[in-house]
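1. Structure for this input, please:
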Amino acid sequence: MSHLGRVLVAMSGGIDSTMTAVLLHEQGYEVVGITMKTWDYANSGGSKKETGCCSLDSINDAREVAVGLGFHHFIVDIREDFGDYVINNFVDEYMAGRTPNPCVLCNTHIKWSSLLKRADQLGCKYIATGHYAIMNELDGRKYITKAKDLHKDQSYVLWGLSQECMHRTLFPLGNYTKPEVRQMAYDRGSTELSKKGESYEICFVPDNDYRGFLKRRVDGLEERVDGGNFVNISGEVIGQHKGYPFYTIGQRKGLNVAFGTPKYVTEIRPETNTVVLGDMDDLLRNGLIAGKINSMKYSEIPTGMETVTQIRYNDPGTLAKLKNLGTEVEVEFMANVRGVAPGQSVVFYEGDDVIGGGIIMSSLK
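-> Sure thing, here's the model as predicted:
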């Protein structure tokens, strides 16, 4: 056995997870590969051809790498756990008028839990993934720092990881850029791998049509919600919509009603099947309340701390002051922000370090 220990590497068949396994193998770790089957595209009812991390081709690609480097590779079926937790939550959140982030939920409650369970069974000291993030430590606490490649940084979707998970996790790609990773694959003779594309869709919505997915998952959904009212900020009815679950905060396109000037979804009221429309400035909010908090760098979220607060994956972040309310955190933005969507993740940064994060429960005007 390697003096560095045995590490279980989550391998999707893509370039990032493959190079994670290759780098750890070259560094002298005893690598064990694992591919997790989370979803059957055939069950989604979508029109897109099966591709991505759950496809047979991707599983075969991962296994081929393991065989070529001479380490063991396992396939684990976690479709039941994934479906019960991630997909049901996805549907429930939209039905509650919120906008979920299933990748965060999957990382926090499914993938890492499954990896740690298999790591223990296989005698692995560590687990590793191809995420672009850096692991650091302060006073015995592990925390995540943004990756070298800020265009690929995935710290936002990792805010929910527990200390137990992080103490056993390796992120080999955190100090590399994506072009450097592609070059490393090319230099090792993996020409096709170095050119392999990426998928940005939700894995169980391969055609990127979440509205169609909801219709297929919820019996009679269209009949139940069709014909609700669009109202303006004053509460006046200004049109009809196709059902509140099919809209998200900040949405402008696809309203299918002409108003003369651009209108945006500013609020969703599931109890009355009402969608509120307003102007761009009506999306402005000066704060939010976050729940399901995970404090990462410190033992708890410090009250009065100023952080750069990010409310969506591609959000550059806004300077904000935090107030610890116990089970929730109140966020006061220093400058108003647009499109605070309940159900999405909010992540707090001190420089490039993740202080912690939570789920947006409500916005403050």
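
2. how deep is residue 336 tucked in, by neighbour count?
-> Neighbourhood size, residue 336 [other CB atoms under 10 Å]: 14. All C-beta spots, glycine's among them, are computed from the backbone N, C-alpha and C.

3. any idea which element it lies in?
-> Using DSSP states H and E, residue 336 falls within strand 329-338.

4. ok, so what distance separates the residue nearest the centre of the chain from residue 210?
-> Centroid-nearest residue in the chain: residue 103, 3.1 Å away (criterion: CA atoms, centre = their mean). Per CB to CB, to the nearest Å, residue 103 is found 13 Å from residue 210.

5. Are there residues contacting both of these two? Which ones?
-> Here residue 103 and residue 210 share the contacting residues residue 202, scored by CB atoms under 8 Å, 6 or more residues apart in numbering.

6. if we can go back for a sec, for the helix or strand that the strand holding residue 336 is followed by, name the packing helices and strands.
-> From strand 329-338 onward toward the C-terminus, using DSSP H and E, the following helix or strand is strand 345-350. Where contact means 3 or more CB pairs under 8 Å, 6 or more residues apart in numbering; DSSP states H and E, strand 345-350 is packed against strand 306-310, strand 353-364.

7. Residue 230 contacts residue 278, doesn't it?
-> No. Using CB atoms under 8 Å, residue 230 makes no contact with residue 278, being 10.6 Å away.

8. that older thread, for residue 330, which of the helices and strands packed on strand 345-350 is the nearest?
-> Nearest of the helices and strands packed on strand 345-350 to residue 330, taken as CB to CB: strand 353-364 at 7.7 Å.

9. so the closest one versus strand 329-338, what angle?
-> Counting by axes from the mean of the first three to the mean of the last three CA atoms, to 10 degrees, strand 353-364 lies at 70 degrees to strand 329-338.

10. Could I get the buried residue list for strand 353-364?
-> Neighbour-count burial for strand 353-364, with 16 or more other CB atoms under 10 Å as criterion, is recorded at 353-361, 363.

11. Same check on stretch 95-108?
-> Within stretch 95-108, the residues that qualify as buried are 95, 97-108, counting by 16+ other CB under 10 Å.

12. now stretch 156-175
-> So for stretch 156-175, counting by 16+ other CB under 10 Å, buried means 156-161, 165-166, 168-174.

13. Same question for stretch 206-217.
-> Across stretch 206-217, burial judged by 16+ other CB under 10 Å covers 206, 209-215, 217.

14. Which of those residues sits closest to residue 295?
-> Comparing those against residue 295 with CB to CB places residue 210 closest, at 30.7 Å.

15. wait, what's in contact with the closest one?
-> Residues counted as contacts of residue 210 (CB under 8 Å, 6+ apart) are 94, 202.

16. tell me the pLDDT at it?
-> Reported pLDDT at residue 210 in the predicted model: 91.

17. ranges for the helices of the stretch 51-200 of the chain?
-> Under the criterion DSSP state H, counting those that start in this stretch, helices of the stretch 51-200 of the chain are mapped to 56-69, 79-82, 88-95, 102-106, 112-121, 163-166, 178-187, 191-194.
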